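Chemist: Have a look; sequence and predicted model below, questions after that.
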Amino acid sequence: MIIQLASNMSTEAKGELQAQMKELGYKTNEVQTQLGHYLVAIGKQSFDIRQIGSLAGVKDVHRVSDAFKLVSRKWKVQPTRIDLGEGGQIGEGQFTVMAGPCSIESEEQIIRILDHLKAEGVQIMRGGVYKPRSSPYSFRGLGIDGLKLWAKLAREKGIKIITEVMQVSQIDAMHEYVDIFQIGARNTQNFNLLDALGKVDKPVLLKRGISGTIEELLQSAEYIFSGGNEKIMLCERGIRSYEGAYRNCMDINAIALLKTKSHLPVIADPSHGIGIRSHVEPVALAAVMAGADGVIFEMHPQPEEAFSDAQQSLSFRESTKLIKRMRAAFALKEEF
Ligand code: PEP
Ligand code: MN
């Protein structure tokens with residue numbers, strides 16, 4: 001059950017409400033975010049919710065039987081929009097493109113991609129400076145110095161940055177330079193990291209785990225929300241399957257489902273979803289038609305030379321074509 005509290009609720013009234021809930025057999029968790037104040041009550045009893053709905057300081061009461069609650073659309077029917085600042089918005093009615101290399105590699109690479117994105121009217125550049133690699137001998141990113149250089153160049157051009165944070169200890173040093181924190185598929189259930197990002201006032205893009213279910217993804221998002229951060233995007237990036245013909249199985253179903261199960265924006269990552277350059281476009285377009293609020297994809301000035309994920313990175317020409325077609329698909333979908 002979610003009890004929305006008024007921002008001016010007195011400590012006394014809150015104490016009274018908590019006592020009543022305890023008496024009714026519920027365990028309460030107080031959640032204070034940038035945008036709201038809630039009491040999440042967990043328990044199996046059933047009672048007339050009007051009993052507490054009329055108490056001082058109670059704005060609204062919703063029954064949510066799902067394992068995930070604050071991220072559920074059962075209580076928040078209106079889709080969430082995330083404010084990126086400077087006019088940037090992510091969520092319902094807007095189509096967001098995030099593009100860039102798998103890994104940040106050099107000053108020249110950053111500048112060339114920033115210029116490309118600027119020309120295409122893309123506001124957000126992706127890129128990894130801490131790379132989770134299957135092999136310890138693969139390129140593992142330029143680290144904080146790469147991030148600082150990238151942030152300086154991106155800010156000069158008015159472009160925002162999304163990058164992966166791999167562990168709690170990196171958050172503080174990265175915070176100043178990052179506009180959106182990405183949680184990678186290998187960290188979707190790193191609950192310490194989720195808790196820590198709940199304390200950060202910056203948007204978070206949460207990828208679905210490599211073999212994660214939709215419910216697990218939503219429960220991971222619940223960690224961030226209940227930790228205090230409502231600015232969350234859910235990202236479908238493909239799941240591991242028995243099929244070996246492509247890298248991952250892009251779960252288009254999940255996009256459609258997530259949009260009805262949750263009020264949070266849903267972003268599709270067709271690059272990791274299929275992992276094959278020539279097939280990124282159709283998968284991206286399918287994701288748009290399934291309801292994605294945005295697409296994050298990998299591109300590189302010289303895709304074959306990329307330090308990581310070369311096989312799925314698009315060239316400038318391919319990127320331009322994809323952006324144009326995704327925007328056209330989104331406009332068409334909005335008309336339906
Ligand atoms: C990435 O975005 O480059 C990445 C490593 O993604 P994922 O966590 O989805 O594998
Ligand atoms: Mn990658």
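Modeler: Done, it's in. Keep in mind the model is a prediction, meaning the values are calculated, not measured. Ligands and ions are numbered 1, 2, ... in the order given.

Chemist: Can you tell me which residue of the stretch 1-150 of the chain sits closest to ligand 2?
Modeler: Residue nearest to ligand 2 within the stretch 1-150 of the chain: C102 (3.4 Å; CB to the ion). Backbone N, C-alpha and C define where each C-beta goes, glycine included.

Chemist: got the contact list for that residue?
Modeler: Residues in contact with C102 (CB atoms under 8 Å, 6 or more residues apart in numbering) are 127-128, 131, 271, 298, 300, 306-309, 312-313.

Chemist: filter those residues to the buried ones?
Modeler: Neighbour-count burial (16 or more other CB atoms under 10 Å) is assigned, among the contacts of C102, to 127-128, 131, 271, 298, 300, 306-309, 312-313.

Chemist: Between those, which sits nearest ligand 1?
Modeler: Nearest to ligand 1 among the buried ones among the contacts of C102, counting by CB to the nearest ligand atom, is G128 at 5.1 Å.

Chemist: is it possible to export the buried ones among the contacts of C102 to TSV including pLDDT and secondary structure?
Modeler: TSV is the format used below for those (pLDDT from 0 to 100; DSSP: H, G, I helix; E, B strand; the rest coil):
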residue	pLDDT	secondary structure
G127	98	coil
G128	98	strand
K131	95	coil
S271	98	helix
E298	98	strand
H300	98	coil
A306	98	coil
F307	97	coil
S308	97	coil
D309	97	coil
Q312	98	helix
S313	98	coil
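
Chemist: overlap between the residues you listed and the residues near ligand 1?
Modeler: The subset of the buried ones among the contacts of C102 within reach of ligand 1, by CB under 6 Å from any ligand atom, is G128.

Chemist: ok, and the closest non-adjacent residue to the residue of the stretch 1-150 of the chain closest to ligand 2?
Modeler: D309 (3.7 Å; CB to CB, 6 or more residues apart in numbering).

Chemist: just checking, F47 touches E23?
Modeler: No - contact criterion CB atoms under 8 Å: F47 and E23 do not qualify, at 10.3 Å.

Chemist: More neighbours: these two, which one.
Modeler: More crowded of F47 and E23, by other CB atoms under 10 Å: F47, with 13 against 8.

Chemist: Correct me if wrong, but that one is in a strand.
Modeler: No - read with DSSP: H, G, I helix; E, B strand; the rest coil, F47 is coil and lies in no strand.

Chemist: Before we move on, what's the pLDDT of it?
Modeler: Per-residue pLDDT puts F47 at 83.

Chemist: Quick check: it vs ligand 1, distance?
Modeler: To ligand 1, F47 is 43 Å away according to CB to the nearest ligand atom, to the nearest Å.

Chemist: need the contact list for that residue.
Modeler: L24.

Chemist: Backbone dihedrals for it, please?
Modeler: Backbone torsions for F47, taken as degrees, to the nearest 10, come to phi -150, psi 170.

Chemist: need the contact list for F95.
Modeler: 288, 293-294, 326-327, 330.

Chemist: can you check R81 too?
Modeler: Counted by CB under 8 Å, 6+ apart, R81 has contacts 89-94, 265.

Chemist: Distance to ligand 1, pLDDT and secondary structure for those - can I get that in JSON lines?
Modeler: JSON lines is the format used below for these (distance: CB to the nearest ligand atom, whole Å; pLDDT from 0 to 100; DSSP: H, G, I helix; E, B strand; the rest coil):
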{"residue": "Q89", "distance to ligand 1": "22", "pLDDT": "94", "secondary structure": "strand"}
{"residue": "I90", "distance to ligand 1": "17", "pLDDT": "97", "secondary structure": "strand"}
{"residue": "G91", "distance to ligand 1": "21", "pLDDT": "96", "secondary structure": "coil"}
{"residue": "E92", "distance to ligand 1": "23", "pLDDT": "87", "secondary structure": "coil"}
{"residue": "G93", "distance to ligand 1": "26", "pLDDT": "92", "secondary structure": "coil"}
{"residue": "Q94", "distance to ligand 1": "21", "pLDDT": "95", "secondary structure": "coil"}
{"residue": "P265", "distance to ligand 1": "17", "pLDDT": "98", "secondary structure": "coil"}
